[in-house]
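J.: Just the structure for this:
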Amino acid sequence: MSILQDNDDLGSRRGFSQQVEHGKRRQEKIRSGGTGQAERRQHRAALRCGQPAQILAGRGLAAVSVAIDPAPFRGVLPLPISALRSASAALGNPANRHRAVPLSYDQFRYAFANAVSENEAKQLYETFAVPASGLPLFQAAAANLNPWTEAKVDTENPDRGPLLLISGEKDHTVPWAITNASYKHQQHNKNVTEIIEMPGRGHALTIDSGWREVADTAVAFVQRFAPPQPAGA
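T.: The predicted structure is shown next:
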């Protein structure tokens, strides 16, 4: 999820409109082979959800990363009851590892939309709820049992870059205990590592009516380490 590219108004309001256009031009250069590896890494400021952002950062592929509600990776031990309940729609049947798993409204309400009103929860369900692969949930759940897990993050890579972890105070799917455990692993990296808890927010914090607060927080962090590029740079 790229906050800057998906929300032009936010980009303009924060002075990022030129950076967005600059990024588009550099993406074209990358596709045509006109940039080197160092330039490609400098271009990538990862504003992505959770675990994938940390995996990419751990490979040195992002200049700055924001991990929102990150699923646990190998070494992250807490598994709160609310997280297991949220994932039970998929984990309850081993065959779901290779299936697209739908959520009922009640399951979505608990796992994603518990911090919003009933009316907004129903709107979010109708708009965003689609069957999704169960595989990532199985990978995260078994990360500490499988030494070859895909859910593995290199937290010591000196090229990781600055990292911000964002957690929702009322998140049932990825409670504070999980995000904070990820932070404790990441904070030993030589680069800046920070964590923020968004008050009163659930797992739908990037898609509900309060999404802009999350976007502002993420963009402000990125701007500290990857300031907007001047036009034509």
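J.: When you work out contacts or count neighbours from here on, use the C-alpha atoms and nothing else.
T.: OK.
J.: Tell me, how many residues neighbour N144?
T.: Using other CA atoms under 10 Å, the number of residues around N144 comes to 18.
J.: no wait, P230
T.: Other residues close to P230 by other CA under 10 Å number 10.
J.: my guess is it is in a helix, correct?
T.: No - P230: not assigned to a helix; according to DSSP: H, G, I helix; E, B strand; the rest coil it is coil.
J.: Which pLDDT value goes with it?
T.: What the model reports for P230 is a pLDDT of 70.
J.: what does stretch 181-197 rub up against?
T.: By CA atoms under 8 Å, 6 or more residues apart in numbering, the residues outside stretch 181-197 that reach it are 70, 72-73, 76-78, 155-158, 160-169, 176, 180.
J.: one more time with 6 Å
T.: Applying CA atoms under 6 Å, 6 or more residues apart in numbering, the external contacts of stretch 181-197 come out as 76, 155-156, 161-169.
J.: same thing with stretch 148-157?
T.: Contacting residues not belonging to stretch 148-157 are listed as 55, 58, 73-74, 140, 143, 186, 189 [CA under 6 Å, 6+ apart].
J.: Among those residues, which one has the most neighbours?
T.: F73 (26 neighbours).
J.: secondary structure class for that residue?
T.: coil.
J.: Enumerate every residue touching it.
T.: 151-152.
J.: thinking again about what came up before, in the contacts of stretch 148-157, find the pair that's most separated.
T.: A140 and N189 (22.1 Å; CA to CA).
J.: re earlier: out of the contacts of stretch 148-157, which is nearest to A90?
T.: Nearest to A90 among the contacts of stretch 148-157, with distances taken as CA to CA, is A140, at 12.1 Å.
J.: pLDDT score for the closest one?
T.: Reported pLDDT for A140: 92.
J.: and if you look at P175?
T.: P175 is given a pLDDT of 97.
J.: neighbours of it, just the number please.
T.: 24.
J.: what do you get for I81?
T.: 12.
J.: does H203 count as helix, strand or coil?
T.: coil.
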